[in-house]
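[1] the following comprises the amino acid sequence and a computationally predicted model.
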Amino acid sequence: MSIQSVYRKELFDIPSDILYLDGNSLGPLPKGAVERASQVIKSEWGGELIKAWNSADWISLPKKVGDQIAPIIGAPAGSVATGDTLSIKVYQALAAALKMRPDRKIIVSDNGNFPTDLYMAQGLIGTIDKGYELRTPAPEDVADSITDDVAVVMLTQVDYRSGRMHDMSEITRKAHEAGAVMIWDLAHSAGAVPLDLAGCNAEFAVGCTYKYLNGGPGAPAFIYVRPDIIEDIQPALAGWMGHDAPFAMELDYRPAMTTERMRVGTPPIVQLSILQEALKAWEGVEMEDLRAASIALSELFIREVEQRCPQLSLASPRDPDSRGSQVSFAFDHGYPAMQALIERGVIGDFRAPNIMRFGFTPLYLNEGNVVAAAKIIEDVINHDLWQNPKYQIKSRVT
Ligand SMILES: Cc1ncc(COP(=O)(O)O)c(C=O)c1O
Ligand SMILES: Nc1c(O)cccc1C(=O)C[C@H](N)C(=O)O
C-alpha cells in the first residue's frame, strides 16, 4: 500500500496556498458539489418545481445517501437513515435506547465526550420522569463503569480533542454482557477509520457528514439501527417522514418498517445532493488502505513536529492503534499559535484549554504537505511569531 493509492486531491477544490489540516472538523469542497448544487437549484427546483420530488426522485435521496454511507461504516444497505443534525440523532438514539431498558435508569458516557452529546442526554432526561442519571467517568474508566444496572452506554469513539479511540467491539461486548444498549457517535470516525458496525453488534450509531465525509457545513447527519431490532424501536420524534406511508396522511403514527422510521421531517435536498456528490470520492477506497495512509501521515507529523518543536507536547495517544485520524499537541499559547499558523496557510484548530488539533485526511493530504506544515509550525513556535498581539484576540468561533 502506498499513500498514493487513496490520494485523490484532484477531486477537491482546495486553495493552492492552503495546507488543510482541519478536515476532521469541516471537509473541503468536492469539485462536483458546485455543479450538482447548481443543477438541483436551477434545473430541478427552478425548472421542475414541486414535480422534482418525483421527476428528480428527491423522495428517495435520503435512503440512497444512507446506502452510500453504509459501506464506509461497515453497515448493511438499508440500515442507515440520513437527515437532521447529529444532535437530533443522538437524542433519537438515546430516547429509543432508554425505552429498550425500562427498568434501568443509568446512562454511561464519558467526560471526554463532545458537549452536545451530553447536553442532549441532560435535556432528554430532564423531560422524562425523574430518577435518570447520566454518568461521565474518565474515558479510561468507562469499561469498569458498565455495571449490571446500566441502561445505555453512549460514547463517541474518537475523542474530538485528543483523538484517543475507544475499542468499539470490546466496549460493546462489555455493554451487552451487562445487559445495556450501546450507542456509538462516529462523528470523528466515519471516513477516518475502518469500522465494522455490523460485526460489533451495537444497537445504534450516529454521525455527521461534514467532517471526513466532506458533505459541507450543515450537511445532514446519519443514524444506524441494528436491523434485527428496528421493528421494536419507538421513535421519540415521530415525524411524518418516518411514517410508513407519509403521503397517506393518516392521523396516527405508524412507523416505517426500516431504519427510515428514524427520519423526522422534510429532507434537506440541496445538502443531501451535495453529500451524494461528495461520497463519490469514496468509490474504490479501501478503508484499510486509508487507515494505513492516515497512520503514516500522522506518524510523520508527530516525528517532524517533535523534532522541530520540543515546546509542544503530544496530547494524543502515541500508539497509532489507540488514535483516530487526528493529532493534537498541547501548548500553553495554542490559541495565538494557531492563529499565526492559519495566517500562514496551515489550517488546524484550537480547542480549549491548550490543544492545537490537526486532522489527517489521506484523500487530499500527502507526506510533502505534512513536512511543509511542520516547517511552518517550527517557524511560528521557534521564532515566537504567535506573540504578535493581533493573534491574542479571541475572535474565532472554532
Ligand atoms: C462527537 C460529536 N457529536 C456531535 C457534534 C455536533 O453535532 P451537530 O452536527 O448537531 O452540531 C460534534 C461536532 O460538532 C461532535 O464532534
Ligand atoms: N459543527 C461545527 C460547527 O457548526 C461550527 C464549528 C465547528 C464545528 C464542529 O464540527 C466542531 C467539531 N465537532 C469538533 O470536534 O470540535
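    Nice, thanks for sending it over. Ligands and ions are numbered 1, 2, ... in the order given.

[2] in this protein, what residue is nearest ligand 2?
    Evaluated by CB to the nearest ligand atom, the chain has Tyr160 as its residue closest to ligand 2, separated by 3.5 Å. Using the backbone N, CA and C atoms, a C-beta is placed for each residue, glycine as well.

[3] now the nearest residue to that residue once chain neighbours are set aside, what are its backbone angles?
    Nearest non-adjacent residue to Tyr160, counting by CB to CB, 6 or more residues apart in numbering: Phe114, 5.1 Å away. Main-chain torsions, Phe114, degrees, to the nearest 10: phi -70, psi 140.

[4] Phe114 - how many residues pack around it?
    By other CB atoms under 10 Å, 18 other residues sit near Phe114.

[5] interface residues of the stretch 201-350 of the chain facing ligand 1?
    Taking CB under 6 Å from any ligand atom as the contact definition, the stretch 201-350 of the chain meets ligand 1 at Cys208, Ala221.

[6] hmm, back to that, the residue nearest to Tyr160 touches Asp185, doesn't it?
    Yes: Phe114 lies in contact with Asp185 (CB atoms under 8 Å); the separation is 7.2 Å.

[7] thinking again about what came up before, quick check: the residue nearest to Tyr160 vs Leu186, distance?
    Phe114 sits 12 Å away from Leu186, going by CB to CB, to the nearest Å.

[8] contacting residues around the residue nearest to Gly216 when sequence neighbours are not counted?
    The shortest distance from Gly216 to any non-neighbouring residue, by CB to CB, 6+ apart, is to Ile274 (5.1 Å). Counting by CB atoms under 8 Å, 6 or more residues apart in numbering, Ile274 makes contact with Pro30, Ala33, Arg36, Ala37, Gly215, Gly216, Ala219.

[9] just the ones in strands from those, please.
    Cross-referencing those against strands under DSSP state E gives Pro30.

[10] from the chain's centre, how far out does stretch 232-247 sit?
    Relative to the chain's own centre, stretch 232-247 is displaced by 24 Å; criterion: CA atoms, centre = their mean, to the nearest Å.

[11] again with stretch 84-99
    15 Å.

[12] check whether it contacts ligand 2.
    No: Stretch 84-99 stays clear of ligand 2 (CB under 6 Å from any ligand atom), getting no nearer than 8.1 Å.

[13] now the helices for the stretch 201-350 of the chain?
    Using DSSP state H, counting those that start in this stretch, the helices assigned to the stretch 201-350 of the chain run over residues 269-278, 287-308, 334-343.

[14] next one: the stretch 51-200 of the chain
    Under DSSP H, counting those that start in this stretch, the stretch 51-200 of the chain gives helices at 52-55, 61-69, 86-100, 115-127, 142-145, 168-177, 197-200.

[15] ranges for the strands of the stretch 251-398 of the chain?
    Using DSSP state E, counting those that start in this stretch, the strands of the stretch 251-398 of the chain run over residues 313-314, 326-330, 346-347, 349-351, 355-359.

[16] the ones you listed into JSON lines, with extra columns for mean pLDDT, mean neighbour count and distance to Ala151?
    Compiled in JSON lines, these are given as follows (pLDDT from 0 to 100; neighbours: other CB atoms under 10 Å; distance: least, CB to CB, whole Å):
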{"stretch": "strand 313-314", "mean pLDDT": "98", "mean neighbour count": "13", "distance to Ala151": "36"}
{"stretch": "strand 326-330", "mean pLDDT": "98", "mean neighbour count": "26", "distance to Ala151": "31"}
{"stretch": "strand 346-347", "mean pLDDT": "98", "mean neighbour count": "23", "distance to Ala151": "41"}
{"stretch": "strand 349-351", "mean pLDDT": "96", "mean neighbour count": "21", "distance to Ala151": "30"}
{"stretch": "strand 355-359", "mean pLDDT": "98", "mean neighbour count": "26", "distance to Ala151": "32"}
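
[17] quick check: residues of this protein near ligand 2?
    Checking the chain against ligand 2 by CB under 6 Å from any ligand atom, the hits are Ser25, Phe114, Tyr160, Ala187, Thr398.

[18] one more time with 8 Å, if that's ok
    24-26, 114, 160-161, 187-188, 208, 210-211, 217-218, 349, 351, 357, 397-398 (CB under 8 Å from any ligand atom).

[19] out of those, which are buried?
    24-26, 114, 160-161, 187-188, 208, 210-211, 349, 351, 357 (16 or more other CB atoms under 10 Å).

[20] so which of these is the closest to Glu378?
    Arg357 (17.9 Å; CB to CB).

[21] which strand residues bridge the closest one?
    Note on Arg357: beta-bridge partners Ser328, Asp349, judged by DSSP bridges.

[22] can you check Val150 too?
    Residues in beta-bridge contact with Val150 (DSSP bridges): Ile106.

[23] specify which member of the buried ones among the residues of the chain next to ligand 2 is nearest to Pro194.
    For these, the nearest to Pro194 is His188 (13.9 Å; CB to CB).

[24] for that closest one, which non-adjacent residue is spatially closest?
    Closest to His188 by CB to CB, 6+ apart is Val158, at 3.7 Å.

[25] surely that neighbour touches Ser189?
    Yes: between Val158 and Ser189 there is a contact under CB under 8 Å: 5.1 Å.

[26] what's the overlap in contacts for these two?
    Met165, Gly324.

[27] test my guess that Leu312 contacts Val305.
    Yes: Leu312 lies in contact with Val305 (CB under 8 Å); the separation is 6.1 Å.

[28] so which of those two has more stuff around it?
    Val305 (22 against 19).

[29] measure the more buried one to Ile376 for me?
    11 Å.

[30] residues in contact with the residue nearest to His188?
    By CB under 8 Å, 6+ apart, the contact set of Val158 is Arg164, Met165, His166, Ala187, His188, Ser189, Ala192, Val193, Gly324, Ser325, Gln326.

[31] let me see the confidence value for it.
    With respect to pLDDT, Val158 scores 98.

[32] bridging residues for it?
    With DSSP bridges as the rule, Val158 is bridged to Met165.

[33] Thr85 is in contact with Met120, correct?
    No: with contacts defined as CB under 8 Å, Met120 does not count as touching Thr85, sitting 10.3 Å away.

[34] quick one on the thing from earlier: which neighbours do Phe114 and Leu186 share?
    Joint contacts of Phe114 and Leu186 (CB under 8 Å, 6+ apart) are Thr156.
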